[in-house]
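Novice: from the sequence below, what's the structure:
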Amino acid sequence: MTGWLDRLPPHDDVDWRTDPAVLAAHRYDRSGWTPEVRPAVVASVHDVAGVQHVLRLAHETATPVVARGAGTGLAGAATAADGGIVLDLTGLNRIVDVVIADELALVQPGVLTADLDRAAQRHGLRYAPDPASVEISTVGGNIATNAGGLRCAKYGVTRDAVLGLDVVLADGRLIHTGRRAIKGVTGYDLTSLFVGSEGTLGVIVGAALRLRPIPAATATICAYFPDAVSAFAAVGAVRAAGVVPAVAEFVDGPTLGRIDEHLGTTLRGRGDAFLLVQTDGAAAAAEAEQAVRALRAHATDVEVTTDPVEGARLTAVRRAALPALERVGRVLIEDISVPRSQLPAAVEAVRAAAASTGTSMHTFAHAADGNLHPIIVLAPGQEPSDPAVVAAADSIFRAALDLGGTVSGEHGVGVLKRRWMRAELGEDVDALQRQIKAVFDPKGILNPGKAI
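Specialist: Numbering: from 1, shown residues only. Got it, this is the predicted structure:
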């Protein structure tokens with residue numbers, strides 16, 4: 001080894017790891033993007049002092065740093081920088097406190113999202129953000145990408161749950177943003193600026209997160225439809241009936257077929273599109289009745305339950321969508337959002353892209369807020385850089401913008417969508433964002449080549 005890596009200073013709070021197997025395990029995230037990079041070292045930290053130590057060293061030597069949690073990101077934002085440091089935050093995994101009276105939790109970034117939710121539930125509360133990766137993704141990663149999830153139509157995305165943050169800046173300084181109170185407008189909203197910044201402005205080492213009471217009741221509805229147009233029309237009918245569902249998830253027919261193969265079910269035989277709808281709160285049963293009436297006008301089959309165990313079984317169908325596709329082959333998970341009224345057109349655009357490029361595509365969506373996930377399943381030996389795959393993804397992004405939407409609803413920009421981000425934002429806004437980045441990270445060491 002040469003250069004700064006030969007002179008790594010010892011520190012009780014940092015484990016410097018250069019074993020080839022460790023380096024290889026920290027190169028990529030879950031996006032399917034596999035750039036030819038090799039980090040110089042993985043720095044595993046156990047406290048905030050360790051994070052500060054790593055960033056001071058990186059700042060002094062102008063060495064790239066990629067903060068990493070569980071590596072479940074879907075846009076390439078957690079892929080390593082060549083010759084850089086991977087800052088492993090999974091050791092910062094404490095739920096510091098659950099403050100019942102204030103309905104908030106104080107947590108470190110390496111806490112698994114589902115573990116936080118379970119800890120809150122022991123006090124009659126819950127953490128509302130509910131990404132499909134809830135059992136494997138970390139709170140820090142969710143904050144870094146502003147993750148959404150199944151319940152976001154009613155309860156919002158991760159940003160709506162973040163009250164305050166502890167952040168280590170590029171030069172090692174520790175700052176605190178926001179507050180533990182629900183309301184506050186003092187100064188610029190730096191907390192919201194860090195949320196979704198994908199580790200390019202600072203490293204999140206602590207968060208004050210809003211919790212909510214567990215709903216008094218939950219009703220779960222499964223409905224099957226002859227096509228996607230009917231399913232999305234049904235979602236509109238539910239909203240028109242005055243019902244704001246906590247969950248409204250769409251799965252297309254081809255994905256249902258893959259779920260059948262994965263779980264041994266026979267869902268595809270019941271329709272070519274599927275909706276999972278949940279209502280919650282004291283009026284859950286009454287709202288479910290209204291929703292069912294709206295759904296039946298469009299559906300071929302509807303079932304409803306207020307039993308929590310049965311509801312969990314039905315919800316598992318939606319959560320099985322991605323694992324079912326991953327069994328078939330390597331996947332690229334796209335993430336666009338459009339106005340709800342444009343969802344049928346977006347699904348048709350995905351089908352057209354698949355047909356014109358010869359790629360295999362499946363689609364599921366957070367139907368209540370217009371967030372669509374077209375999934376490209378790569379053929380054996382096919383790479384993300386394959387011209388047909390690139391053409392399919394470009395066609396999807398172009399359609400999202402043409403329909404008044406965005407190229408990323410909740411997964412972030414990472415490396416995969418930087419070109420399209422500029423097309424969406426325009427030159428002036430893009431330049432302004434780069435100026436903001438330079439204020440927080442003047443040497444450009446934080447997750448370079450990502451997000452902007």
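Novice: quick check: phi and psi at the nearest residue to residue 263 once chain neighbours are set aside.
Specialist: Nearest non-adjacent residue to residue 263, counting by CB to CB, 6 or more residues apart in numbering: residue 320, 5.8 Å away. (C-beta placed from N, C-alpha, C; glycine too.) Dihedral pair for residue 320: phi -80, psi -10, per degrees, to the nearest 10.
Novice: try the one 5 residues further on
Specialist: Main-chain dihedrals, residue 325, degrees, to the nearest 10: phi -70, psi -30.
Novice: same question for residue 306.
Specialist: Dihedral angles for residue 306 - degrees, to the nearest 10 - are phi -110, psi 0.
Novice: is the closest residue to it other than its chain neighbours in a helix, a strand, or coil?
Specialist: Nearest non-adjacent residue to residue 306, counting by CB to CB, 6+ apart: residue 219, 4.9 Å away. Following DSSP: H, G, I helix; E, B strand; the rest coil, the label given to residue 219 is strand.
Novice: residue 219 against residue 286, yeah?
Specialist: No. Using CB atoms under 8 Å, residue 219 is not in contact with residue 286; the gap is 9.1 Å.
Novice: helices along the stretch 101-250 of the chain, start to end?
Specialist: In the stretch 101-250 of the chain, the helices defined using DSSP state H, counting those that start in this stretch lie at 113-121, 139-145, 152-155, 190-194, 228-240.
Novice: any idea how far the second one is from the middle of the chain?
Specialist: Relative to its parent chain, helix 139-145 has a centroid offset of 8 Å by CA atoms, centre = their mean, to the nearest Å.
Novice: who does that helix touch, helix- and strand-wise?
Specialist: Secondary-structure packing of helix 139-145 (3 or more CB pairs under 8 Å, 6 or more residues apart in numbering; DSSP states H and E): helix 113-121, strand 203-210.
Novice: and if you look at the last one?
Specialist: Packed against helix 228-240 by the contact rule (3+ CB pairs under 8 Å, 6+ apart) you find strand 218-225, strand 247-252, strand 273-280, helix 284-296, helix 343-357.
Novice: so which of those is nearest residue 195?
Specialist: strand 247-252 (22.4 Å; CB to CB).
Novice: quick one: low-confidence parts of the protein?
Specialist: For the chain, the stretches flagged by pLDDT under 70 are 1-10.
Novice: and it, what are its domains?
Specialist: 3-88, 95-213, 218-323, 329-408+417-424 (automatic domain parsing).
Novice: which one of those domains lies nearest to residue 448?
Specialist: That would be domain 3-88 among the domains of the chain, by CB to CB, at 5.1 Å.
Novice: so what's residue 175 closest to, chain neighbours aside?
Specialist: That would be residue 167: by CB to CB, 6+ apart, it lies 5.4 Å from residue 175.
Novice: count the residues that sit near the one you found.
Specialist: 23 (other CB atoms under 10 Å).
Novice: correct me, but it touches residue 199?
Specialist: No. Between residue 167 and residue 199 there is no contact under CB under 8 Å: 10.4 Å.
Novice: of residue 219 and residue 286, who's got more company?
Specialist: residue 219 (26 against 13).
Novice: so that one bridges to which residues?
Specialist: Beta-bridge pairing for residue 219 (DSSP bridges): residue 279.
Novice: for the residue nearest to residue 229 when sequence neighbours are not counted, which residues are in contact?
Specialist: Using CB to CB, 6+ apart and skipping residues adjacent in sequence, the residue nearest residue 229 is residue 344, 4.8 Å away. For residue 344, the contact set (CB atoms under 8 Å, 6 or more residues apart in numbering) comprises 228-229, 232-233.
Novice: neighbour-wise, which of these leads?
Specialist: Ranked by neighbours (other CB under 10 Å), the contacts of residue 344 are led by residue 232, which has 27 neighbours.
Novice: surely that one is in contact with residue 367?
Specialist: Yes. If you go by CB under 8 Å, residue 232 and residue 367 touch, sitting 6.4 Å apart.
Novice: which residues do the two both contact?
Specialist: 250, 340, 343.
Novice: and for the nearest residue to residue 146 once chain neighbours are set aside, the neighbour number?
Specialist: Closest residue to residue 146 apart from its sequence neighbours, by CB to CB, 6+ apart: residue 196 at 3.5 Å. Look at residue 196: counted by other CB under 10 Å, it has 20 neighbours.
Novice: for residue 196, give me its contacts.
Specialist: Per CB under 8 Å, 6+ apart, neighbours of residue 196: 143-146, 159, 412.
Novice: follow-up on the earlier one: distance check, the residue nearest to residue 263 against residue 267.
Specialist: 10 Å (CB to CB, to the nearest Å).
Novice: any shared contact partners between these two?
Specialist: Both residue 320 and residue 267 are contacted by residue 259, under the criterion CB under 8 Å, 6+ apart.
Novice: in CSV, list the domains of the chain along with distance to residue 441.
Specialist: Shown next, in CSV, are those (distance: least, CB to CB, whole Å):
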stretch, distance to residue 441
domain 3-88, 9
domain 95-213, 4
domain 218-323, 33
domain 329-408+417-424, 16
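Novice: could you pull out the strands for the stretch 301-450 of the chain?
Specialist: Under the criterion DSSP state E, counting those that start in this stretch, the stretch 301-450 of the chain carries strands at the ranges 301-305, 331-333, 336-337, 360-366, 371-377.
Novice: what packs against the first one?
Specialist: Read it as strand 301-305. strand 218-225, helix 284-296, helix 308-319.
Novice: no further queries at this time; thank you.
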